Structures are given as structure tokens and as C-alpha cells.
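Visitor: sequence isn't available, so here's the structure alone:
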């Protein structure tokens, strides 16, 4: 029985490069890849190199890079 996976990705631009998204998403990855994906899934920040993230920030006009936690230190 063949299951229709077309609901996974509706955008035709995303369907082209990958083809079968079910196979792509089920492809075994290394433990490090899985850990990185899970980390970014929890934080909501994008996964990618600095130039990719900077390009996203420029396009979206929002900060996406990780910031230092806590309050700023007082200046002396």
C-alpha cells in the first residue's frame, strides 16, 4: 500500500531538490547531527553557518544569534 506523502511539503520549490521528503527525513544521520537538530528545535534558533544566519537576520530584520544570558554588567 502506497501512502501519499505530498502533505509533508506543499511548496513546489522545496519538493524539487529533495524529491521524496519521507525518505530524506528518515535517512539515518550521525549522532552529532541529531543532537544539533534537537538543540535548535528546542531553542527556535536556525541551524546554519554565521553567514546564513546573518543573511536571515538581514532579510527578516530580527536578531537570531544566541546572546549572552543574564543582565549586562554595570560599567565602572
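Guide: Nice, thanks for sending it over. Since we're looking at a predicted model, the values are computed, not measured. Numbering: from 1, shown residues only.

Visitor: pLDDT averaged over the longest helix along the chain - what is it?
Guide: For the chain, the longest helix by residue count, based on DSSP state H, is helix 31-43. Averaging pLDDT along helix 31-43 yields 81.

Visitor: just stretch 54-66 next, same as before
Guide: Rounded mean pLDDT across stretch 54-66 is 89.

Visitor: for that stretch, measure first residue to last.
Guide: 12 Å (C-alpha to C-alpha, to the nearest Å).

Visitor: show residues contacting it.
Guide: 43, 45, 46, 48, 53 (C-beta atoms under 8 Å, 6 or more residues apart in numbering). C-beta coordinates here come from the backbone N, C-alpha and C atoms, glycine included.

Visitor: circling back: may I see the buried residues of the helix or strand just after the longest helix of the chain?
Guide: Downstream of helix 31-43, the next assigned helix or strand under DSSP states H and E is helix 50-60. Neighbour-count burial for helix 50-60 flags residue 53 (criterion: 16 or more other C-beta atoms under 10 Å).

Visitor: how far off centre is helix 50-60?
Guide: Relative to the centre of its chain, helix 50-60 is centred 13 Å away, using C-alpha atoms, centre = their mean, to the nearest Å.

Visitor: again, but for stretch 47-63
Guide: For stretch 47-63 - counting by C-alpha atoms, centre = their mean - the centre lies 11 Å from the chain centre.

Visitor: heads up, I number from 48, so please use that
Guide: Yes, from this point I'll number from 48; that puts the last item at stretch 94-110.

Visitor: tell me the pLDDT of residue 67.
Guide: 72.

Visitor: roughly how far does it sit from residue 101?
Guide: 32 Å (C-beta to C-beta, to the nearest Å).

Visitor: cool, and residue 92?
Guide: For residue 92, the distance to residue 101 - C-beta to C-beta - is 13 Å.

Visitor: quick revisit: who wins for neighbours among the contacts of stretch 101-113?
Guide: residue 100 (17 neighbours; other C-beta atoms under 10 Å).

Visitor: what does stretch 82-97 contact?
Guide: Residues contacting stretch 82-97 (C-beta under 8 Å, 6+ apart): 76, 99, 100, 103, 111, 112, 113.
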